[in-house]
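>>> The sequence isn't on hand, but the structure is:
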Ligand code: SAM
């Protein structure tokens, strides 16, 4: 597989998981959290798929396409280790969906961060909430769900709170 093929597969997997998650939260009230704005691709997709949801974005340094930057009231600017704590005070038990796309090229750092992140987001989740992540959130093992058809194991991680 070429690197181009690999990128295309990764993005197709991401879109399939996002679309599945958006369908799965229909009828479940709550806000949506996007962890990692990047260039705003997945944020833009989420706001198109979920036009009636409030979406809050977490990013330490905004560098997105100008059309894909949330307003100040929907942006938590800073490191997740600080901003998620603020969000927990505000949204505990009220989040319908979290999408996290914050991995780096450093697998050890990713594993450490994912171990922390799973614990940190658990109190935010409403019953039936979906979590989608580019990293394995081991603290959410009890909530693990199968991936959509065609998405290779390990490419994305899908969880649903009971
Ligand atoms: N999903 C995005 C898209 O489709 O454009 C790409 C996200 S990009 C891979 C990851 C983003 O997460 C980067 O913009 C980075 O700054 C942000 N990020 C990573 N670790 C973070 C942290 N600890 N706190 C806040 N933002 C973080």
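Here it is on my side, so go on. These figures come from a predicted structure and were not determined experimentally.
>>> ok now do the closest residue to the ligand within the chain, which residues does it touch?
Per C-beta to the nearest ligand atom, the residue of the chain with the smallest distance to the ligand is residue 38, at 2.3 Å. For the C-beta atoms, the positions are set from N, CA and C on the backbone; glycine is no exception. Residues in contact with residue 38 (C-beta atoms under 8 Å, 6 or more residues apart in numbering) are 59, 63-64, 101.
>>> Mind doing that once more with 10 Å?
Residues near residue 38 by C-beta atoms under 10 Å, 6 or more residues apart in numbering: 59, 62-65, 68, 101-102.
>>> cool, residue 78 as well?
58-61, 84, 86.
>>> Out of those, which end up buried?
Buried by 16 or more other C-beta atoms under 10 Å: 58-59, 84, out of the contacts of residue 78.
>>> can you narrow those to ones near the ligand?
By C-beta under 6 Å from any ligand atom, the members of these lying near the ligand are 58-59.
>>> So which of the buried ones among the contacts of residue 78 are in strands?
Under the assignment DSSP state E, the buried ones among the contacts of residue 78 contribute 58-59 to strands.
>>> Checking residue 142 next. Helix, strand or coil?
Three-state assignment for residue 142 (DSSP: H, G, I helix; E, B strand; the rest coil): helix.
>>> How much space separates it from residue 122?
10 Å (C-beta to C-beta, to the nearest Å).
>>> hang on, the earlier thing: so what pLDDT did the residue of the chain closest to the ligand get?
Listed pLDDT for residue 38 reads 97.
>>> returning to what we had before: select from the contacts of residue 38 the one having the most neighbours.
residue 59 (24 neighbours; other C-beta atoms under 10 Å).
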